[in-house]
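Asks: Pasting the sequence and the predicted model now:
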Amino acid sequence: QVQLVESGGGLVQAGGSLRLACARSGRSFGTRAMGWFRQAPGKEREFVAAIGWSDSSVSYAESVKGRFTISRDNAKNTMYLQMNSLKPEDTAVYYCAASSLYTLPNTQVGRYNYWGQGTQVTVSS
């Protein structure tokens, strides 16, 4: 089993920045990719960014390219999402996810088999 715990969410004004972290514990092997998804009220969960766990491959949703940066620290078993130039439409619950089955590209919810509880990000206009 893999446990994922997100942190770093909060309230920020438009144009501001936040850094999310996802701490991974449990099985220390078998993770092929990790990603960030978000879900706004009344909307489906959508892909934000993903990173390969054993290589440096990354992928981003078009809506966040150039503003968000995904990274990881394998020694700390932690993944990060640096979010800059935040917009009100970025408001959502952000979820960390891990996949033991698929490497990148990996943008589909169903390809991730471990999920965190989520952290709220609210961007005010």
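Replies: Here it is on my side, so go on.
Asks: Could you use CA atoms for every contact and neighbour count after this?
Replies: Will do.
Asks: partners of the residue nearest in space to the middle of the chain in the sheet?
Replies: Against the mean C-alpha coordinate of the chain, by Cα atoms, centre = their mean, the closest residue is residue 36 at 2.0 Å. Beta bridges link residue 36 to residue 49, residue 96 when assigned by DSSP bridges.
Asks: That one is in contact with residue 95, isn't it?
Replies: Yes. When contacts are counted by Cα atoms under 8 Å, residue 36 is listed as touching residue 95 (5.6 Å).
Asks: hey, where'd the strands end up in this protein?
Replies: For the chain, applying DSSP state E gives strands covering 2-7, 10-13, 18-26, 33-39, 46-52, 58-60, 68-73, 78-83, 92-99, 114-115, 119-124.
Asks: Quick check: which of those strands is nearest to residue 105?
Replies: Taking Cα to Cα, strand 58-60 is the member of the strands of the chain nearest to residue 105, at 6.8 Å.
Asks: helices or strands up against that closest one?
Replies: strand 46-52 (3 or more Cα pairs under 8 Å, 6 or more residues apart in numbering; DSSP states H and E).
Asks: now the angle from the strand it packs on to strand 92-99?
Replies: Strand 46-52 and strand 92-99 are oriented at 40 degrees to each other (axes from the mean of the first three to the mean of the last three Cα atoms, to 10 degrees).
Asks: what about strand 46-52, average pLDDT?
Replies: Throughout strand 46-52, pLDDT has a mean value of 96.
Asks: what sits up against that strand?
Replies: The contact list for strand 46-52 (Cα atoms under 8 Å, 6 or more residues apart in numbering) reads 32-39, 57-61, 64, 70-72, 103-109.
Asks: May I have it exported as CSV, CA atoms only?
Replies: Taking Å, rounded to 0.1, in the frame of the first residue of the first chain, the C-alpha atoms of strand 46-52 are listed here in CSV:
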residue,chain,number,x,y,z
GLU,A,46,-9.1,16.9,-14.2
PHE,A,47,-5.5,16.3,-14.8
VAL,A,48,-3.0,19.0,-13.9
ALA,A,49,0.5,17.6,-14.1
ALA,A,50,2.4,14.4,-13.8
ILE,A,51,6.0,13.3,-13.3
GLY,A,52,7.9,10.0,-13.8
